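1. heads up, no residue letters with this:
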């Protein structure tokens, strides 16, 4: 996974980067520099059936809470199995691990479900809920958004709007950052932002923060590199991008992970700290 892929050298532009992610979430700057949270629920995927039962063509179901047809799902494995039973898309993969505090549960709402497009929102809940439970669509202090996961068929999944091209083979000495394990990063600044970019196999990883916040981008990147020494990201056919963007002040972060698989484009978004975001992505199977 250490072999880098040579891409055509085209400078990164702020305009392209801004399209990759937004701002939001609650993790603090100190959280961003720490290791993976201890309370994390791992979920193994269930068997995938070939057809959907109740949610079709993007329609959202409105089940009764905890009735016989829509039981409360207290186990993460049950949530994944329930999602798979509803899907119209064939051979789909899903995230199977989420950062959950003790006593919290995974909730899920399918908002798009066609043979070509899938969109699921995942939540941290204070009690077991059914799939597509109506309470997940309402504002509730006991419910917090964990991540969204989207799979869509794209005629041009190699678009540079999603995967900006860059050359990390010949990094200038004054911009070269040692991230450990033989990985070298490119540190650069533009338009009031600082960027740290590196490659791992067919994946490009990048951290963006405001220059005035003086975020420890290299420290965050080193923890990510260390984590990926023992964990594998999904294997993209050609390209994958893990993009971390901190909002002004560094207290909020949005992580957008995109990878191409044939004509399918996978994208996971979260406001969790980068290491927890990595854990969700590596669990996709």
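-> Happy to help now that I have it. Predicted model, so just to flag it, every value in this text is computed and none were measured.
2. strands of the stretch 1-150 of the chain, residue ranges please.
-> With strands called from DSSP state E, counting those that start in this stretch, the stretch 1-150 of the chain shows them at 40-42, 97-99, 105-113, 117-125, 144-153.
3. pick out the shakiest of the ones you listed, pLDDT-wise.
-> Here the lowest mean pLDDT among the strands of the stretch 1-150 of the chain goes to strand 40-42, at a mean of 44.
4. so what sits opposite residue 209 in the bridge?
-> Judged by DSSP bridges, the bridge partners of residue 209 are residue 194.
5. and what of residue 254?
-> Applying DSSP bridges, one finds that residue 254 bridges with residue 245.
6. can you pull out the helices in the stretch 101-250 of the chain?
-> With DSSP state H, counting those that start in this stretch, the ranges of helices along the stretch 101-250 of the chain come out as 217-228.
7. show me the shaky parts of it.
-> The stretch 101-250 of the chain contains residues with pLDDT under 70 at 155-160.
8. now with 50, please.
-> Applying pLDDT under 50 to the stretch 101-250 of the chain picks out no residues at all.
9. can you list the domains in the chain?
-> 14-36+157-282, 41-146 (automatic domain parsing).
10. would JSON lines of those with mean neighbour count be doable?
-> Placement of C-beta: from N, CA and C, glycine included. JSON lines is the format used below for the domains of the chain (neighbours: other Cβ atoms under 10 Å):
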{"stretch": "domain 14-36+157-282", "mean neighbour count": "18"}
{"stretch": "domain 41-146", "mean neighbour count": "17"}
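11. helix or strand for the spatially closest residue to residue 268 that is not a sequence neighbour, which one?
-> Leaving aside its chain neighbours, residue 268 sits nearest to residue 257 (4.6 Å; criterion: Cβ to Cβ, 6 or more residues apart in numbering). Following DSSP states H and E, the helix or strand that holds residue 257 is strand 253-261.
12. is it true that residue 271 touches residue 256?
-> No: applying Cβ atoms under 8 Å, one finds residue 271 not in contact with residue 256, separated by 10.6 Å.
13. quick one: the residue nearest to residue 268 and residue 241 touch, right?
-> Yes: assessed by Cβ under 8 Å, residue 257 is found in contact with residue 241 at 7.2 Å.
14. follow-up on the earlier one: okay, the strands of the stretch 1-150 of the chain in TSV with distance to residue 167 next?
-> TSV is the format used below for the strands of the stretch 1-150 of the chain (distance: least, Cβ to Cβ, whole Å):
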stretch	distance to residue 167
strand 40-42	36
strand 97-99	33
strand 105-113	36
strand 117-125	33
strand 144-153	29
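15. and those: which comes nearest residue 226?
-> strand 40-42 (16.9 Å; Cβ to Cβ).
16. since we're on the residue lying closest to residue 116 once chain neighbours are set aside, how many residues are nearby?
-> With Cβ to Cβ, 6+ apart as the criterion, residue 116 has its nearest non-adjacent residue at 4.2 Å, and that residue is residue 153. Neighbours of residue 153 under the rule other Cβ atoms under 10 Å: 15.
17. kindly report the same for residue 150.
-> Around residue 150 there are 17 residues (other Cβ under 10 Å).
18. contact partners for the nearest residue to residue 112 once chain neighbours are set aside?
-> The shortest distance from residue 112 to any non-neighbouring residue, by Cβ to Cβ, 6+ apart, is to residue 119 (3.8 Å). Residue 119 sits next to 110-113, 148-150 when contact means Cβ atoms under 8 Å, 6 or more residues apart in numbering.
19. with residue 221 instead?
-> 177, 179, 185, 196, 198, 205, 207.
20. now those residues in TSV, with distance to residue 81?
-> Below are those laid out as TSV (distance: Cβ to Cβ, whole Å):
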residue	distance to residue 81
177	43
179	38
185	40
196	39
198	37
205	32
207	35
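21. from residue 95, how far off is the residue nearest to residue 268?
-> Separation of residue 257 from residue 95 (Cβ to Cβ, to the nearest Å): 10 Å.
22. joint contacts of those two?
-> Here residue 257 and residue 95 share the contacting residues 268, 281, scored by Cβ under 8 Å, 6+ apart.
23. quick one: contacts for residue 147?
-> 95, 98, 121-122, 268-270, 272, 277, 280.
24. which pair in these spans the largest distance?
-> 121 and 277 (15.5 Å).
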